[in-house]
Each structure stands twice: as structure tokens, then as C-alpha cells.
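Peer 1: build the 3D model from these lines:
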Amino acid sequence: MTDSAGTPDPGNATPADGPKYADHVFRSTPGIISGVLLLAVAGWLIADAMLNSSGRTPWIALACAPVFAFPVIAYTLRPSVSAGLDKMVVRNPLRTVVVPWAAVDDLRAGYSAELVAGGHTYQMWAVPVSLRQRNKANRREAFGSSSRAQGRPGLFNRAAVHSPVPGAPDPNRAWSDQVVDVLREHAKMNAVRPSAKGEIKVSWCWWVIAPTLVGLVVLATLIAV
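Peer 2: Down below sits the predicted model:
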């Protein structure tokens with residue numbers, strides 16, 4: 001589900017002096033797969049148009065490359081949510097939001113996964129909410145609870161009977177809900193760290209915006225001439 005790290009030992013160490021771990025990084029696997037496929041198909045079509053066409057067509061195809069490629073990269077490959085010791089970093093298609101844990105007001109997953117901080121709400125594109133997956137998980141959990149109440153575990157709800165290993169995916173909950181729970185735990189555990197305080201930083205992803213706009217201008221010029 002994620003590129004994950006271990007959980008600090010709740011012994012004598014405090015959040016400020018405990019061991020350091022790699023960041024948790026959450027990404028949407030279906031989004032990455034669809035992005036790679038779209039780029040592959042688009043690359044093949046653009047290359048074919050450049051090699052086998054004449055006149056302005058090869059130049060128009062070349063101008064289409066950044067107009068198509070950069071938005072696809074932005075909306076499928078770029079989004080991620082990173083949870084570190086001091087802050088969480090939300091990379092959305094066109095913006096990057098860096099929020100120290102102490103500045104996090106809320107994390108929720110309704111119809112979309114959202115971060116509330118500094119009076120603003122930021123959607124987390126890397127954690128899509130699937131109502132179908134959530135309903136399926138709820139039905140599995142309800143079936144497991146009913147079977148346990150009747151004293152018959154059965155074959156199809158063993159995952160509901162046996163608690164999952166800490167940190168492992170829970171088949172009885174939607175992935176987005178599990179991710180939000182992990183982020184809440186990070187916020188609760190790390191907000192007291194002195195280094196987890198600071199201002200919220202929001203920056204635009206100009207390496208996506210600029211070439212896309214330039215490509216649009218060039219494409220419009222080629223078509224108009």
C-alpha cells in the first residue's frame with residue numbers, strides 16, 4: 001500500500017529524541033498505472049505522426065507532446081502524500097503543500113481525502129476515495145461481525161476474525177480510510193515535537209504549468225498560421 005517505515009518503540013524515548021525513520025509515502029497505484037499507459041500510447045501516436053506525416057503535421061504533433069504529457073504526469077504520476085517526523089507534504093497536480101504536524105487541524109476521508117490546516121482545506125489527490133471499496137469493506141465487516149455473534153467464523157471472513165498485523169492492510173477497511181488513520185496517528189504523535197512547528201507553505205508546480213502553457217501557445221500558432 002505504501003512505502004512504509006517502522007513504528008517507534010513507545011519505551012522511554014519521546015517524540016523529540018526518538019529514532020528517525022524514513023517517511024511514509026502514499027500513492028495511488030491505479031493512477032500510476034493509468035498514467036504510464038497514457039504516456040506510452042501518446043508517445044507512440046506522436047512519434048508516428050512525426051515520422052510518417054508531412055507539412056505542418058509533425059510540428060503540430062511535437063507541440064502536442066508537452067500539452068498532453070505534462071498534465072498527464074501532474075494528475076497521475078506526481079500526486080503523493082509524504083508523512084515525516086516534522087511535517088507532511090501533499091503533492092497535488094499543480095501545487096505542493098507542506099504542513100508541520102502542529103499546524104494540522106484535521107484529516108478526514110468523506111467523498112475525498114482532505115487535509116484541514118490554517119483555515120484552509122486541501123484535497124489529497126494521491127489518496128482517492130472509492131465509495132465502492134468502502135461499501136464492500138463495510139459489508140465484509142458486517143458479515144464478519146454477524147458470523148462471530150453466531151459463533152461460526154467461516155471461511156470468507158477469517159480476515160475479520162483475525163486482527164491484521166499492525167501496519168499491514170486491513171481487508172475490512174477502505175484503503176483511503178486506513179491512510180487517513182495513519183496520518184492522524186502521525187499528527188497525534190509528532191505534533192509535540194519542537195521541530196514540528198512552523199508555517200504552512202504552498203507552492204505552485206511551475207515545471208508542469210510553464211511547459212504546458214508554452215506548448216499551448218505554440219500549438220495555437222501552428223494551427224492558426
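Peer 1: parallel or antiparallel, list what pairs with the strand or helix carrying residue 108.
Peer 2: Residue 108 is part of strand 104-109, with elements assigned from DSSP states H and E. Each strand paired with strand 104-109, and its direction, by DSSP bridges: strand 113-117 (antiparallel).
Peer 1: what's next to the strand it pairs with, contact-wise?
Peer 2: The list of residues contacting strand 113-117 from outside it, by C-beta atoms under 8 Å, 6 or more residues apart in numbering, reads 88, 90, 97, 99, 103-108, 121-124, 127-129, 176, 179-180, 200. C-betas here are computed from N, CA, C, even on glycine.
Peer 1: and it, C-alpha only, in CSV?
Peer 2: Coordinates of the C-alpha atoms in strand 113-117 are reproduced here as CSV (Å, rounded to 0.1, in the frame of the first residue of the first chain):
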residue,chain,number,x,y,z
ALA,A,113,-9.4,12.7,1.4
GLU,A,114,-8.8,16.1,2.8
LEU,A,115,-6.3,17.9,5.0
VAL,A,116,-7.5,20.9,7.0
ALA,A,117,-4.8,23.3,8.2
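Peer 1: using the three-state scheme, assign residue 69.
Peer 2: At residue 69, secondary structure determined by DSSP: H, G, I helix; E, B strand; the rest coil is helix.
Peer 1: correct me, but it touches residue 45?
Peer 2: No: using C-beta atoms under 8 Å, residue 69 makes no contact with residue 45, being 11.7 Å away.
Peer 1: quick one, which of those two is more surrounded?
Peer 2: Between residue 69 and residue 45, counting by other C-beta atoms under 10 Å, residue 69 is the more crowded of the two (19 against 13).
Peer 1: quick one: the more buried one and residue 210, what's the gap?
Peer 2: Distance, residue 69 to residue 210, by C-beta to C-beta, to the nearest Å: 13 Å.
Peer 1: the spatially most central residue of the chain: what's it in contact with?
Peer 2: Within the chain, one residue has its C-alpha closest to the average C-alpha position: by C-alpha atoms, centre = their mean, that is residue 126, at 1.7 Å. The contact partners of residue 126, by C-beta under 8 Å, 6+ apart, come to 26-28, 31, 79-81, 90-92.
Peer 1: name the nearest residue to it, sequence neighbours excluded.
Peer 2: Nearest-residue entry for residue 126: residue 79, 3.9 Å, with adjacent residues in sequence omitted and distances by C-beta to C-beta, 6 or more residues apart in numbering.
Peer 1: was I right about the one you found contacting residue 92?
Peer 2: Yes: under the criterion of C-beta under 8 Å, residue 79 lies in contact with residue 92, with a separation of 6.0 Å.
Peer 1: residues that sit against both of these two, list them.
Peer 2: Residues touching both residue 79 and residue 92 (C-beta under 8 Å, 6+ apart) are 124-126.
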